[in-house]
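# Build me a model from this:
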Amino acid sequence: MVAPHRIRDKLLIDALEGITPVPFDGMAWRVVRQGRDVLMGSSAGGRWDDGTFDVLYASQKADGAVAERYFHLSRGLPVFPSRPVYHLFQLRVSMKRALHLADMTAIARLGVDTARYGALSYADRTDEYPRTQDIGETALFVGFDGLIVPSARWDCANIVLFCDRVPPDKYEVSRDHGPLDWSEWQTKPFGF
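Sure, this is the predicted structure:
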């Protein structure tokens with residue numbers, strides 16, 4: 001089956017091609033449900049992927065990774081799910097050509113409504129996601145291998161790997177920090 005033709009924003013292409021890629025070689029954090037492959041990406045249509053390519057979301061801080069997962073598990077539910085077990089993993093990640101959008105000013109220049117960035121309700125994110133997803137897809141199209149972007153849930157950067165661009169030997173599990181205690185984390189974040 002042939003993929004449908006995609007019309008891309010030429011101004012966005014020009015803007016991204018004007019940004020110098022940066023290397024990233026360091027630690028990242030990821031929260032994963034027990035039994036799931038830690039290094040398996042997904043194309044779920046998250047903040048920075050439109051569902052047409054696989055990405056692996058992580059954070060530069062442990063608290064950032066936990067805050068992101070906590071938000072997604074708790075949104076729209078009257079009671080936080082207590083049965084599934086989630087683990088905190090430390091990863092070693094290496095990218096050669098990351099698109100680094102250091103702060104809210106950088107993403108605002110690309111047309112993101114920063115007033116809605118990180119909106120707490122699912123309905124509010126629908127206005128923001130199409131643009132951030134366009135940025136992610138266009139970054140992949142012009143040759144970046146991932147993103148370094150502001151977290152919507154914690155004061156840190158998130159790391160988004162484009163799984164088709166980053167070879168599997170460039171990201172690996174460094175350490176499993178064990179099961180998360182959500183209640184404990186809420187009262188006392190890790191601080192790293």
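# Provide a list of residues in contact with residue 98.
Applying Cβ atoms under 8 Å, 6 or more residues apart in numbering to residue 98 gives the contacts 21, 22, 23, 24, 144, 145, 146, 147, 148. To be clear about C-beta, it is placed using only N, CA and C from the backbone, and glycine gets the same treatment.
# Tell me the spacing between the first one and residue 132.
It refers to residue 21. 19 Å (Cβ to Cβ, to the nearest Å).
# Which of these two has more residues huddled nearby?
Higher neighbour count among residue 21 and residue 132: residue 132, with 25 against 18, using other Cβ atoms under 10 Å.
# Looking at the more buried one now. What's its pLDDT?
With respect to pLDDT, residue 132 scores 95.
# Residue 45 now?
We have a pLDDT of 87 for residue 45.
# Equivalent analysis for residue 2, please.
Taking residue 2 on its own, its pLDDT is 44.
# same check, this time on residue 80
So residue 80 comes in at 68 (pLDDT).
# the bottom helix or strand of the protein by mean pLDDT?
helix 122-142 (a mean of 83; mean pLDDT, DSSP states H and E).
# The residue nearest the centre of the chain: which element?
With distances taken as Cα atoms, centre = their mean, residue 57 lies nearest the centre of the chain, 3.8 Å away. Element membership for residue 57, per DSSP states H and E: strand 55-59.
# Whichever helix or strand comes after that strand: which residues count as buried?
Using DSSP H and E, the helix or strand that follows strand 55-59 in sequence is helix 62-74. For helix 62-74, a neighbour-count test (16 or more other Cβ atoms under 10 Å) marks 62, 63, 64, 65, 66, 67, 68, 69, 70 as buried.
# ok, now stretch 43-62?
For stretch 43-62, by 16+ other Cβ under 10 Å, it's 46-50, 53, 55-62.
# Stretch 95-110 now?
Here stretch 95-110 shows 95, 96, 97, 98, 99, 100, 101, 106, 107, 110 as buried, counting by 16+ other Cβ under 10 Å.
# ok, now stretch 29-42?
Applying 16+ other Cβ under 10 Å to stretch 29-42 flags 29, 30, 31, 32, 38, 39, 41 as buried.
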